[in-house]
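S.K.: below is the sequence, then the predicted model.
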Protein chains: 2
Amino acid sequence: MSLIVQKFGGTSVGDIDRILRAAQKTKAEIERGNQVAVVVSAMSGVTNQLVEYCDAITANHDSREYDSVVASGEQVTAGLFALALQAHGIKARSWLGWQVPILTDMQHGRARIVDIPTEELNVSIANGEVPIIAGFQGRTEDWRVTTLGRGGSDTSAVALAAALRAERCDIYTDVDGVYTTDPRVVSRARKIPRIAFEEMLEMASVGAKVLQVRSVTMAMRHRVHVQVLSTFADEIGSDLPGTLIVDEDEIMEKALVSGLAFSRDDAKVTLEGIHNAPGLAAAIFRPLSDAGIIVDMIVQDVATGNDAITNMTFTVGKRDLAQTIRIFEKAKSDKTVDYRAMYSENDIVKISAIGVGMKTHSGVALKMFEVLAEKGINIEVISTSEIKVSVLIKDEYTELALRALHTAYGLDAEEKIDAAQA
Amino acid sequence: MSLIVQKFGGTSVGDIDRILRAAQKTKAEIERGNQVAVVVSAMSGVTNQLVEYCDAITANHDSREYDSVVASGEQVTAGLFALALQAHGIKARSWLGWQVPILTDMQHGRARIVDIPTEELNVSIANGEVPIIAGFQGRTEDWRVTTLGRGGSDTSAVALAAALRAERCDIYTDVDGVYTTDPRVVSRARKIPRIAFEEMLEMASVGAKVLQVRSVTMAMRHRVHVQVLSTFADEIGSDLPGTLIVDEDEIMEKALVSGLAFSRDDAKVTLEGIHNAPGLAAAIFRPLSDAGIIVDMIVQDVATGNDAITNMTFTVGKRDLAQTIRIFEKAKSDKTVDYRAMYSENDIVKISAIGVGMKTHSGVALKMFEVLAEKGINIEVISTSEIKVSVLIKDEYTELALRALHTAYGLDAEEKIDAAQA
């Protein structure tokens, strides 16, 4: 008998009907002979409402109180889900973060799980009961309620799967898996049956918003098999109809490129005509780091044939752009960074080709450059890692570039079902 | 320095603005040099929504899960209230039932408070912090969440006032005190400045819906001074602008009648032509008791001059009427109660004159009969207790009877402020 952790996100438990339908998934898994532990998010919209309440009182809220308020959303769903399972004839009980307990550090609002003693949960499971654990929450050593930050319920689920030594962690959501790219942009996008942790991490962090990066990292560290699948499809977990996220060496045939991710969250900043000197990069990026601004791509080039003068281009999150500009305006007047001109660009997109196969095969980057050149698309910045090639291009080329790359990397679905016929 | 427990009901914390205004009351009390502990209800409407969710899943819900779901409402308000006080510059922290802890028995959905260890709260208060305690909730010995049943937040507040040896428990609500009768019915109704526990109990149980009976009983047992006052008026607690509920011997001038209560919640049932025999009353009322139906007024009379034949009239809650009728139809066919005919009436009202002064003075009942007779109102059933005279009359006479009695017992306000001028 295997233990499966099922996690249901906000839209999957968005109203009473949906909770009852989600509970059917649990029932079906039990009827297949498995034991199940369930992790639930708050009903969709509830967490936002609670956050709004806190924000309406004060912008600088005490994060301990914020946590206690916001954690109530999952408390409601956990109890309702237990009632729904009972209505389906299955023994169940809810567990709040402090009841399990899910022990965290004291960083309220973005707490990290420290330990999950599972003695009581194991007794409950051994008694044939399905534990329904409120996701996203825990408690500190001194018995205050904490939350794990956005996407925290995925993290709760993976952490519980690890602690309970579960066979698999099924993340039920409103999409039925991870696709080679966004199907709304590329109609021939395919669902990926198996993807390596590292690939999933890259897919998640560059914009495929299926799973939070943090939960994937945790799954990778604890070698938890995670499956993403849809609550709204009829299949249940054990049919493996979604995308299974596994160790790289569990994937037999490694695709050179598994998927294309893209992100419109970045803005590009160029500092032109900087006096080059040792320590320049540190001088530029330290104030950004101090301000908590994360820099993604960085390119330094010598534009004029004059070694003493250089240009620096980098990307930051769009919402950090205004602050970044202020920082460098100040740096110029302070003379801590001496540049001639600063430019910024908002209408850009980062497109990434991701695949563990790149580790052993070359040519992925070259193909990307060729395909984009063929379509007349100018590449502004390039960055590569062991399993990823990313380029920054003008936003208006997003669809054109994604479709061309999707075909070129052999990712297209074999049969294209015409949307009008489907 | 005195400790005041302040309790804010659902309408007093109905939205963020109201929470901020309620927190002003706490601040004002602190500025008067008092220490304060606050008990909060859920935002108005929230508890009903949560109960609806549970009911929508299953009518027979596991009350442990129900409790965990429903208790989340007070959790939200407790955190928000702490944030609101902090926004007003006051140190505050929220305490959930399990954190205090408020220890209860295991009767989920209607748990009784067993103990409130106050060590941690006292430390918090001594540190100049205002504890905001989530009302209506507690925890069992085995760490499950319980709720105290409807009106439970009043009970939480009184219990905490007793445990913390508070000077006073101020119940902030949407009315500014206890009135001699409902001001919507009798415009000359007056606010009662001081009322005895026993009187308040009678006022509460016959329909003056200001405080739950249970919280008054608890206040009486632990001799907690309770004050009812409005959140929406500008006065704060220590001005004693509301109604103070105290021991009888703390009221100097005892009114013969302190107030008139009325209730439309009852229905009248008459069993006519019963064969009288020893054990008849038990035979009639045992099945009602078994069904959990509470019988209020009972009158037995010998209608025909024949001792062997009697009539029995009694009142039950309106919502229990249908079941009561079924019980006696069955009793007739089973021949366990042998009567000739059964009548029931829904359009009745119970009017009660209440006053501790009755203990030492007679004539209150007589005056009631005289006044009603003068107005041509027929009395259907009479019942009396040490401090109360109740009559059952036709509902349509409610206003007429209340106004006449209000004047006759000398309860009218001295100056009637015309609503149009006010």
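M.R.: Thanks, I have it. If you're wondering where the values come from, they're calculated on a predicted model, not measured in any experiment. Residues are numbered from 1 along each chain as shown, chains lettered A, B, ... in the order given.

S.K.: kindly report the residues of chain A close to chain B.
M.R.: Counting by C-beta under 8 Å from any C-beta of the partner chain, the residues of chain A lying close to chain B are A:16, A:19-20, A:50, A:53-54, A:56-58, A:61-62, A:64-69, A:71-73, A:75-76, A:78-80, A:82-84, A:86-87, A:93-94, A:96, A:98-99, A:143-145. No exception for glycine: its C-beta is placed from N, CA and C like everyone else's.

S.K.: buried subset of the residues you listed?
M.R.: Buried positions within the residues of chain A next to chain B, assessed by neighbour count (16 or more other C-beta atoms under 10 Å in any protein chain shown), are A:16, A:19-20, A:50, A:53-54, A:56-58, A:61-62, A:64-69, A:71-73, A:75-76, A:78-80, A:82-84, A:86-87, A:93-94, A:96, A:98-99, A:144-145.

S.K.: inside strands: which ones of those?
M.R.: Counting by DSSP state E, these place A:93-94, A:145 in strands.

S.K.: ok, now which ones touch A:D301?
M.R.: Taking C-beta atoms under 8 Å, 6 or more residues apart in numbering or on different chains as the contact definition, A:D301 lies against A:310-311, A:313.

S.K.: follow-up on the earlier one: tell me which of the buried ones among the residues of chain A next to chain B fall in helices.
M.R.: Members of these lying in helices (criterion: DSSP state H): A:16, A:19-20, A:50, A:53-54, A:56-57, A:64-69, A:72-73, A:75-76, A:78-80, A:82-84, A:86-87.

S.K.: got the residue ranges for the strands in the stretch 101-250 of chain A?
M.R.: A:103-104, A:113-115, A:130-134, A:137-139, A:145-147, A:168-173, A:194-196, A:226-230, A:243-246 (DSSP state E, counting those that start in this stretch).

S.K.: mean pLDDT for these - can I get that in a markdown table?
M.R.: As requested, the strands of the stretch 101-250 of chain A are exported to a markdown table (pLDDT from 0 to 100):
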| stretch | mean pLDDT |
| --- | --- |
| strand A:103-104 | 97 |
| strand A:113-115 | 96 |
| strand A:130-134 | 98 |
| strand A:137-139 | 97 |
| strand A:145-147 | 97 |
| strand A:168-173 | 94 |
| strand A:194-196 | 92 |
| strand A:226-230 | 92 |
| strand A:243-246 | 92 |
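
S.K.: could you export these as CSV, including distance to A:R319?
M.R.: CSV is the format used below for the strands of the stretch 101-250 of chain A (distance: least, C-beta to C-beta, whole Å):
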stretch, distance to A:R319
strand A:103-104, 27
strand A:113-115, 28
strand A:130-134, 30
strand A:137-139, 27
strand A:145-147, 22
strand A:168-173, 25
strand A:194-196, 29
strand A:226-230, 27
strand A:243-246, 29
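
S.K.: low-scoring pLDDT stretches of the stretch 1-150 of chain A, where are they?
M.R.: Low-confidence segments of the stretch 1-150 of chain A, defined by pLDDT under 70: none present.

S.K.: list the buried ones in stretch A:392-404?
M.R.: Going by neighbour count (16+ other C-beta under 10 Å), the buried part of stretch A:392-404 is A:392-393, A:397-398, A:401-404.

S.K.: list phi and psi for A:L211.
M.R.: Per-residue torsions, A:L211: phi -130, psi 140 (degrees, to the nearest 10).

S.K.: for it, what are its contacts?
M.R.: Remark: with contacts taken as C-beta under 8 Å, 6+ apart, A:L211 is in contact with A:151, A:154, A:171, A:200, A:204, A:226, A:228, A:245.

S.K.: give the closest residue to the closest residue to chain B within the stretch 201-350 of chain A in space, chain neighbours not counted.
M.R.: For the stretch 201-350 of chain A and chain B, the shortest gap (C-beta to the nearest C-beta) falls at A:T231, measuring 17.0 Å. Closest residue to A:T231 in three dimensions, ignoring its sequence neighbours and counting by C-beta to C-beta, 6 or more residues apart in numbering or on different chains: A:S12, at 3.8 Å.

S.K.: wait, isn't that neighbour in contact with A:A22?
M.R.: Yes. Counting by C-beta atoms under 8 Å, A:S12 touches A:A22, with 5.2 Å between them.

S.K.: shared neighbours, these two?
M.R.: Between them, A:S12 and A:A22 share the contacting residues A:172, A:231, judged by C-beta under 8 Å, 6+ apart.

S.K.: in the stretch 151-300 of chain A, what residue is nearest chain B?
M.R.: Taking C-beta to the nearest C-beta, the stretch 151-300 of chain A has A:S153 as its residue nearest chain B, at 16.2 Å.

S.K.: check which helices and strands the one helix or strand A:T398 maps to sits against.
M.R.: Secondary-structure assignment from DSSP states H and E places A:T398 in helix A:398-408. In terms of contacts (3 or more C-beta pairs under 8 Å, 6 or more residues apart in numbering or on different chains; DSSP states H and E), helix A:398-408 is packed against strand A:259-263, strand A:348-354, helix A:364-374.

S.K.: let me see the mean pLDDT of it.
M.R.: For helix A:398-408, the mean per-residue pLDDT is 96.

S.K.: once you drop chain neighbours, what's closest to the residue nearest in space to the middle of chain A?
M.R.: For chain A, the residue lying nearest the average C-alpha position, counting by C-alpha atoms, centre = their mean, turns out to be A:Q212 (2.7 Å). In space, and not counting its chain neighbours, A:Q212 is closest to A:G151: 3.1 Å by C-beta to C-beta, 6+ apart.

S.K.: ok, back up a step: out of the strands of the stretch 101-250 of chain A, nearest to B:R184?
M.R.: strand A:145-147 (42.4 Å; C-beta to C-beta).

S.K.: can you list contacts of the closest one?
M.R.: Judged by C-beta under 8 Å, 6+ apart, the contacts made with strand A:145-147 from elsewhere in the structure are A:64, A:66-68, A:70-71, A:97-98, A:104-111, A:136-140, B:96.

S.K.: rewinding a little: residues touching the residue nearest to the centre of chain A, list them.
M.R.: Listed by C-beta under 8 Å, 6+ apart, the contact partners of A:Q212 are A:150-152, A:154-155, A:204.

S.K.: recalculate using a threshold of 10 Å.
M.R.: Under the criterion of C-beta atoms under 10 Å, 6 or more residues apart in numbering or on different chains, the contact partners of A:Q212 comprise A:148-155, A:158, A:171, A:204-205, A:218.

S.K.: related to what we said a few turns ago, got CSV for the helices and strands packed on helix A:398-408, with mean pLDDT and mean neighbour count too?
M.R.: Putting the helices and strands packed on helix A:398-408 into CSV (pLDDT from 0 to 100; neighbours: other C-beta atoms under 10 Å in any protein chain shown) gives the following:
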stretch, mean pLDDT, mean neighbour count
strand A:259-263, 93, 25
strand A:348-354, 95, 25
helix A:364-374, 92, 16
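
S.K.: closest one to B:S263 among those?
M.R.: Counting by C-beta to C-beta, B:S263 lies closest to strand A:259-263 out of the helices and strands packed on helix A:398-408; the figure is 65.4 Å.
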